[in-house]
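Novice: The following comprises the amino acid sequence and a computationally predicted model.
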Amino acid sequence: MQFGGATAGTGGDGANGGGDGGEGGNGGKGKALAAASGAATAFGYSTSDEEGKKQAAKDDQIMVLTKKMIEIRNILQRVGQTGALTLPSIVVIGSQSSGKSSVLEAIVGHEFLPKGANMVTRRPIELTLVNTPEGTQEYGEFADLGLGKLTDFSSIQRTLTDLNLAVPEEDCVSDDPIRLSIYSPTVPDLSLIDLPGYIQIAGENQPEELKGKIAALCDKYIQAPNVILAISAADVDLANSTALRASRRVDPRGERTIGVITKMDLVEPARALAILNDKNYPLRLGYVGVVCKVPQHGGLAVFSRNTNITSAITKNENSYFGAHPEFAADGERITIGTPNLKKKLMTVLEQTMAQSLQGTSDAIHQELEEATYEFKVQYNDRMLTAETYLAESLDAFKHSFKEFTESFGRPQVRELLKHELDQKVLDLLAQRYWNRPINDSNRPRPDDRALAELPTSEADSAFWHRKLDASTSSLTKLGIGRMSTNVLATALTQHMERLVEGSTFKEHPFARSAIQEATNTILNERFYSTADQVENCIKPYKFEIDVEDREWDSSRHNVQNLLKEELRQCEDSLKSLKNTVGSKKLGQAMTFVEKARAEALPIRDMHERREATGISQALLERGREAVFLKDRAELIKMRLGAVKSKQCNNKENKYYCPEIFLDVVADKLTATAVLFLNVELLSEFYYNFPRELDNRLGRHLTHDQIEAFAREDPKIRKHIDLQQRKQLLELALQKMDSVMALENSKISSGASELPLRPGRSKDSGRGRWGGMF
Ligand SMILES: Nc1nc2c(ncn2[C@@H]2O[C@H](COP(=O)(O)OP(=O)(O)OP(=O)(O)O)[C@@H](O)[C@H]2O)c(=O)[nH]1
């Protein structure tokens, strides 16, 4: 019987797995101690204390290749795996309840796998065990979840359960792997893949095709160069083992399969021995018998999740095998016990890794060549980091902001605000002087006549005085403070949006919102005080407005342009109405409306007449609109004439020329408002914006935030990805070269039996696994 692993060439029959890798054979020691049932050192090493355990794990570290290869594999995983870059793993397959989880947990020393009747393993679990010889803590890390170090194994178990159960019931399995690494001073360096257990028939709530889906998923993983750990329970006939059947299909010569027989304690020792000596499917790497049950106490586990269960399992196993002399009697021919299984796994993985060294190195070389070529062609070898990209983008944006501040100052704000007030003046004129609502075409308005009579009215007419005074009051009490602040704030917001659109930040939602927030923060902070200041400063105009000749002349000129523009718009609208409806039809409708209005026809009669003349309701509406525009155009022409007339040459005649007077008021309001808007809002914004921007997009960002920012732009993401891919491949190759140099030196010094390529072994006649087991 072999309790510890045998060194290379210690025999084994090569057919029934009698050989075992690892430490020197200590069968005799085992035999002697097996008699003393439950002896602590019976199966290879002391299990009495923590130190002993760690020492044993350190001893296991005679092989560094796997560790280094796991490091390389982690680098390659960051590159984004392609088939060629995948390094070998040990794949665990077996029927449901065959004991897969128990074996894995015995290797790890903790209960951490999902448990439950409801098919809880639904995704492959890629488990990397990392030996940390000097480490004091045991912990797990999920590569893709960013949960950090999980020292509580029940929380690892919960996370695994949640991730598995997140696969929808109707799919039941998914081939998207969960990547988990466990770091501990007591685990060997291994990379294992746990898969959903094979089922015979789908359960009540499970899809019919589930059996086939699980088999297909397992088939994907059990391909070469992976090592297969085929788990079968001793209490089930080996001929019915789904794991061994699957294994045989892909590995007919039994070269890369380890048979694990669990639940050895559930059958008679003689039967258990017969299973281990099975000749039906001979495995070069052999069969290992284990008892992986965690000791229970009164039906309850006596260990908390965070207690390392390695010693408990080993003790339990030792006491079982020790109590049955049949196992000892079988001598060198069988391998039993979890510690031996661990060693075998390490040795086999190490060997497989060594076999794949050259192939992996060639694959990395090829990938690197491609990445280097692409980097040269696409980016001319220009290095780009997320940090430099952000810094450059920020500088460029600040530069364009500076240019904007130079082009948008007081004169521009003045123009903006005056335009807004011009519209208010036109609205007031329309409301109070030009009044003829579009939907009231029946009755002529008294005001229509009055406006035509304005130039000839009495100079002290109370009617016209009241009209202008009320209009002026409406204008000054419009809420100029809020209105003007709003106009400027809106303009600034729009300009900032335009700047973003013209910058690299255009492709970055994170930066866009940072700029928007910076803008809003300053504008919101200043809004109310600016509005109040402006309102206070225009207050005097609410009571008295003195007009100078110069102001009157300028406004007289300005108003003519304003009225001409208004007239143009009226005429354009009328023209486009004619084009859409047709001149003739529109003319008919207009004549109808004008006639009805002249006759002051009641609405009911008008509808009757409309129907009789065949004019539709829609056409009538168009007719009304056209009559309104025609009237408005005539009115404006009349007022243009008045403004140009001698009467409006003089500011003393302001009641005859409301358009000019209101423009003077609008001008004064604009000038005063701009003065304060400039001090209170514009200058403040220009001063604070770059600082607010730095707060949001500058030094305070973490590396991850900057990386996430840069990756928002697909072009930049591609550039950074390719560059990182190239760098990671270079790093992997560098590590690979040092591993290969180490292996070659071992070979040349005779310290290693591991050939770099099949056939390069010292004794190639021993075959692929020659001398190892
Ligand atoms: N007596 C005994 N029971 C064992 C042994 N190994 C596992 N068991 C028990 O067998 C049952 C199934 O074991 P698991 O390790 O959960 O089996 P599994 O293959 O992972 O099961 P699924 O996850 O359902 O596919 C559990 O109740 C274990 O306690 C053993 O060596 N001896």
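Specialist: Everything's here; your move.
Novice: For the stretch 651-773 of the chain, just list every one of the helices.
Specialist: All helices of the stretch 651-773 of the chain, identified by DSSP state H, counting those that start in this stretch, fall at 658-677, 683-697, 703-710, 714-749.
Novice: pull the CA atoms of the third one into CSV?
Specialist: What follows is the C-alpha trace of helix 703-710 in CSV, where atoms were taken according to Å, rounded to 0.1, in the frame of the first residue of the first chain:
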residue,chain,number,x,y,z
HIS,A,703,-7.5,54.6,-10.9
ASP,A,704,-10.6,52.4,-11.4
GLN,A,705,-12.8,55.4,-12.0
ILE,A,706,-10.3,56.8,-14.5
GLU,A,707,-10.0,53.5,-16.2
ALA,A,708,-13.8,53.2,-16.4
PHE,A,709,-14.0,56.7,-17.8
ALA,A,710,-11.4,56.1,-20.6
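Novice: Which residues does it contact?
Specialist: Contacts to helix 703-710, defined as C-beta atoms under 8 Å, 6 or more residues apart in numbering, come from residues 386-387, 389-390, 508, 510-511, 697, 701, 716-717, 720. Heads up, the C-betas are built off the backbone N, CA and C, glycines and all.
Novice: which of the residues in it are buried?
Specialist: 706-707, 709-710 (16 or more other C-beta atoms under 10 Å).
Novice: Just give me the closest of those to the ligand.
Specialist: The closest of these to the ligand turns out to be Glu707 (C-beta to the nearest ligand atom; 38.1 Å).
Novice: Starting from Pro509, give me the distance back to the closest one.
Specialist: 15 Å (C-beta to C-beta, to the nearest Å).
Novice: Also Arg699?
Specialist: In terms of C-beta to C-beta, Arg699 sits 21 Å off from Pro509.
Novice: Those two: who's more crowded?
Specialist: Shown here are Arg699 and Pro509; by other C-beta atoms under 10 Å, Pro509 has more neighbours (10 against 6).
Novice: Quick check: the gap between the more buried one and the ligand.
Specialist: 43 Å (C-beta to the nearest ligand atom, to the nearest Å).
Novice: For that residue, which residues are in contact?
Specialist: The neighbourhood of Pro509, defined by C-beta under 8 Å, 6+ apart, consists of Glu712.
Novice: Quick check, Phe505 in contact with Phe397.
Specialist: Yes. Contact criterion C-beta atoms under 8 Å: Phe505 and Phe397 qualify, at 6.1 Å.
Novice: Check the contact lists of these two and give me the overlap.
Specialist: Jointly contacting Phe505 and Phe397 under the rule C-beta under 8 Å, 6+ apart are Ile515.
Novice: the more surrounded of those two?
Specialist: Using other C-beta under 10 Å as the criterion, Phe505 and Phe397 rank with Phe505 on top: 24 against 21.
Novice: For Arg333, report the pLDDT, please.
Specialist: In this model, Arg333 is scored at 69, pLDDT.
Novice: What parts of the stretch 251-400 of the chain come near the ligand?
Specialist: Within the stretch 251-400 of the chain, the positions adjacent to the ligand are 262-263, 265-266, 291-293 by C-beta under 6 Å from any ligand atom.
Novice: do that again at 8 Å, thanks
Specialist: Proximity of the stretch 251-400 of the chain to the ligand, by C-beta under 8 Å from any ligand atom, involves residues 262-266, 290-294.
Novice: Take those and keep only those in strands.
Specialist: Here DSSP state E is the test, and these give Thr262 as lying in strands.
Novice: Narrow the residues of the stretch 251-400 of the chain next to the ligand to those that are buried.
Specialist: Looks like these have 262-265, 290-293 buried, using 16+ other C-beta under 10 Å.
Novice: could I get the residues you listed as CSV with pLDDT?
Specialist: Output for these, formatted as CSV (pLDDT from 0 to 100):
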residue, pLDDT
Thr262, 94
Lys263, 93
Met264, 91
Asp265, 90
Val290, 93
Val291, 92
Cys292, 89
Lys293, 81
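Novice: nearest to Leu147, of those residues?
Specialist: Of all these, Leu147 sits closest to Cys292, with 27.8 Å by C-beta to C-beta.
Novice: List the contacts of the closest one.
Specialist: By C-beta under 8 Å, 6+ apart, the residues touching Cys292 are 99, 102-103, 105-106, 262, 313, 317, 338.
Novice: From the ligand, how far off is the residue nearest to Ile75 when sequence neighbours are not counted?
Specialist: Spatial nearest neighbour of Ile75, chain neighbours left out: Ala732 (4.5 Å); criterion: C-beta to C-beta, 6 or more residues apart in numbering. Distance of Ala732 to the ligand, given as C-beta to the nearest ligand atom: 34 Å.
Novice: just Val665 next, same as before
Specialist: 86 Å.
Novice: wait, doesn't that residue sit right on Tyr541?
Specialist: Yes. Between Val665 and Tyr541 there is a contact at 6.7 Å, judged by C-beta under 8 Å.
Novice: so what sits against both of the two?
Specialist: Residues touching both Val665 and Tyr541 by C-beta under 8 Å, 6+ apart: Thr476.
Novice: Disregarding residues adjacent in the polypeptide, which is nearest to Arg73?
Specialist: Nearest non-adjacent residue to Arg73, counting by C-beta to C-beta, 6+ apart: Leu87, 4.5 Å away.
Novice: So which residues on the chain come close to the ligand?
Specialist: 94-105, 113-115, 117, 119-121, 196-197, 231, 233-234, 262-266, 290-294.
Novice: I'd like to know which of these are buried.
Specialist: Here, 16+ other C-beta under 10 Å leaves 94-95, 98-105, 113-114, 119-121, 196-197, 231, 233-234, 262-265, 290-293 buried among those.
Novice: rewinding a little: for Lys344, state which of the contacts of helix 703-710 is nearest.
Specialist: The nearest member of those to Lys344, counting by C-beta to C-beta, is Ile720 at 43.1 Å.
Novice: list the contacts for the closest residue to Gln560 other than its chain neighbours?
Specialist: Spatially, and ignoring its direct neighbours in sequence, Gln560 is nearest to Val643 (5.8 Å; C-beta to C-beta, 6+ apart). Counting by C-beta under 8 Å, 6+ apart, Val643 touches 556, 559-560, 563, 657, 659-660.
Novice: Turn the contacts of helix 703-710 into CSV, including distance to Asp532.
Specialist: Shown next, in CSV, are the contacts of helix 703-710 (distance: C-beta to C-beta, whole Å):
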residue, distance to Asp532
Ala386, 44
Glu387, 43
Tyr389, 43
Leu390, 39
His508, 37
Phe510, 35
Ala511, 33
Leu697, 32
Leu701, 36
Ile716, 45
Arg717, 48
Ile720, 49
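Novice: Thanks again, I'm all set now.
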